[in-house]
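Participant: Sequence isn't available, so here's the structure alone:
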């Protein structure tokens, strides 16, 4: 979602910088470290996942373990234990490397990386400074922000614990300030899971009391969860489907689907990669941002209907027509047009306004829905008209329309972060 919104804004003329906020400290990390101590040092991301599952389950089931993990959390912050530091550094390295591989697969990159541990100091300094000015208040040894004082739908959140540690909220405040210094943007789009909506609503109000101008530039966009038809998954129980597993499973389905087609190995590999990633991306971006998504494996890889592969296939079909036109020596031209205006022409001219709306509303689904309509229109045009025909004086115009369709489809899919195979 973030990558698509970035591409749309770049297409509309904005300079966009992508930033990633890495949560490499906190209770979730302490749980993983605890699991690593009990299970043995993990060697890869999968083993670290199992360590987290162990720590998360024991934390909830055993009061003694809960206390132990909270002590671990403090030591991680303080960097006070050599053995724990070694485990932490190893896990951090594995995690960051694994994320980079994932970003590469998904066709995204980041210009800036901000780390939660580095936001503790500016967050603490800001909260303490504005505690003196009355924005924050002391409560049972902790420092809190009472959001309901400013807006009745908000609530109170802790910014500094009674142990003197900054909470996620304090570090988020530090992040706003550090981002402003790093790259003073006109608009800062923050994308998180909708489980954090309450945190961000209160956090933005706190920021508004500190720096009204900066708060006005922040747009918080939240998304739901990707779920399997079987229902919600739990990292505590270890029955989650990782992004890597999802991509692998979809790749296998695509490979099985095209196994009988006459592709050489290089083309087959390209199609499997682009179609599988495209299928996943489209399944997410076709929905209005905000709600949960039930992932339908079979529908996602269908070459017909509402799917990414259907759009890619429609583009490849147009390219095949254009290749044939080139062989026949028919060049695109609007010299002699066809008698009636088609649905394809009516849709093609709307592309700029669709992109503009998607950009203004931070909603890639407008483009996804438009492309499905456009592909259906082209395929209808393809079945009704013989496009490449030397005997037809309007053939050059039909080739021009096909060229416009292929260009628009490729541009539109690119805005969704979906690559197109030239042949399918």
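Facilitator: Thanks, I have it. All figures in this text were calculated on a predicted structure; none of them were measured in a lab.
Participant: Run through the strands of the stretch 201-350 of the chain in chain order.
Facilitator: 218-223, 226-227, 293-294 (DSSP state E, counting those that start in this stretch).
Participant: my read: residue 154 touches residue 199, true?
Facilitator: No - counting by CB atoms under 8 Å, residue 154 does not reach residue 199; the two are 10.8 Å apart. Backbone N, C-alpha and C define where each C-beta goes, glycine included.
Participant: Same drill for those two, tell me which one is more crowded.
Facilitator: residue 154 (19 against 16; other CB atoms under 10 Å).
Participant: rank the strands of the stretch 201-350 of the chain by pLDDT, which is bottom?
Facilitator: If these are sorted by mean pLDDT, strand 226-227 sits at the bottom with a mean of 84.
Participant: Now do the closest residue in space to residue 386 that isn't next to it in sequence: how many residues are near it, please.
Facilitator: Once flanking residues are discounted, residue 386 sits nearest to residue 392: 7.0 Å by CB to CB, 6 or more residues apart in numbering. For residue 392, the neighbour count with other CB under 10 Å is 16.
Participant: Work out for me the element residue 392 sits within.
Facilitator: Under DSSP states H and E, no helix or strand contains residue 392.
Participant: now it: how far from residue 404?
Facilitator: 18 Å (CB to CB, to the nearest Å).
Participant: can you check residue 226 too?
Facilitator: 34 Å.
Participant: Which one's more surrounded, those two?
Facilitator: residue 404 (19 against 16).
Participant: How far off centre is the longest helix along the chain?
Facilitator: Longest helix of the chain, by residue count under DSSP state H: helix 82-106. Distance of helix 82-106 from its chain centroid, counting by CA atoms, centre = their mean, to the nearest Å, is 20 Å.
Participant: In three-state terms, label residue 360 for me.
Facilitator: helix (DSSP: H, G, I helix; E, B strand; the rest coil).
Participant: That one: how many residues sit nearby?
Facilitator: Residue 360 - counted by other CB under 10 Å - has 11 other residues nearby.
Participant: list the contacts for it?
Facilitator: Not one residue lies near residue 360 by CB atoms under 8 Å, 6 or more residues apart in numbering.
Participant: Relative to residue 372, how far out is it?
Facilitator: 21 Å.
Participant: swap in residue 222?
Facilitator: For residue 222 relative to residue 372 (CB to CB), the value is 25 Å.
Participant: who's more crowded, the two?
Facilitator: Taking neighbours as other CB under 10 Å, residue 222 and residue 372 compare with residue 372 leading, 19 against 16.
Participant: hang on, the more buried one packs against residue 309?
Facilitator: No - with contact defined as CB under 8 Å, residue 372 does not count as touching residue 309 (11.9 Å).
Participant: and the lowest-mean-pLDDT helix or strand in the chain, how far from the chain's centre?
Facilitator: Sorting the helices and strands of the chain by mean pLDDT, DSSP states H and E puts strand 226-227 at the bottom, at a mean of 84. Chain-centre distance of strand 226-227: 13 Å, with CA atoms, centre = their mean.
Participant: who does it touch, helix- and strand-wise?
Facilitator: In terms of contacts (3 or more CB pairs under 8 Å, 6 or more residues apart in numbering; DSSP states H and E), strand 226-227 is packed against strand 293-294.
Participant: Which residues does the strand it packs on contact?
Facilitator: Under CB under 8 Å, 6+ apart, the answer for strand 293-294 is 224, 225, 226, 227, 228, 229, 283, 284, 287.
Participant: Name the strands paired with that strand and say parallel or antiparallel.
Facilitator: strand 226-227 (parallel) (DSSP bridges).
Participant: any low-confidence regions in this protein?
Facilitator: 231-241 (pLDDT under 70).
Participant: quick one: the nearest residue to residue 115 once chain neighbours are set aside and residue 174, what's the gap?
Facilitator: Leaving aside its chain neighbours, residue 115 sits nearest to residue 22 (5.0 Å; criterion: CB to CB, 6+ apart). Distance of residue 22 to residue 174, given as CB to CB: 14 Å.
Participant: again with residue 114
Facilitator: For residue 114, the distance to residue 174 - CB to CB - is 9 Å.
Participant: Next: residue 356.
Facilitator: Counting by CB to CB - residue 356 and residue 174 are separated by 35 Å.
Participant: Also residue 347?
Facilitator: Shown here: residue 347 relative to residue 174, a distance of 47 Å by CB to CB.
Participant: neighbour count winner among these two?
Facilitator: Taking other CB under 10 Å, residue 347 and residue 174 do not tie; residue 174 has more neighbours (23 against 20).
Participant: For the more buried one, list the residues it contacts.
Facilitator: With CB under 8 Å, 6+ apart, residue 174 has these contacts: 119, 120, 121, 122, 123, 124, 125, 126, 166.
Participant: Okay, and it sits in which element?
Facilitator: helix 168-182.
Participant: Okay, buried residues for that helix please.
Facilitator: 168, 169, 170, 171, 172, 173, 174, 175, 176, 177, 178, 179 (16 or more other CB atoms under 10 Å).
Participant: Assess the claim that the fifth one and residue 202 are in contact.
Facilitator: Looking back up the chat, that one is residue 172. No - between residue 172 and residue 202 there is no contact under CB under 8 Å: 10.0 Å.
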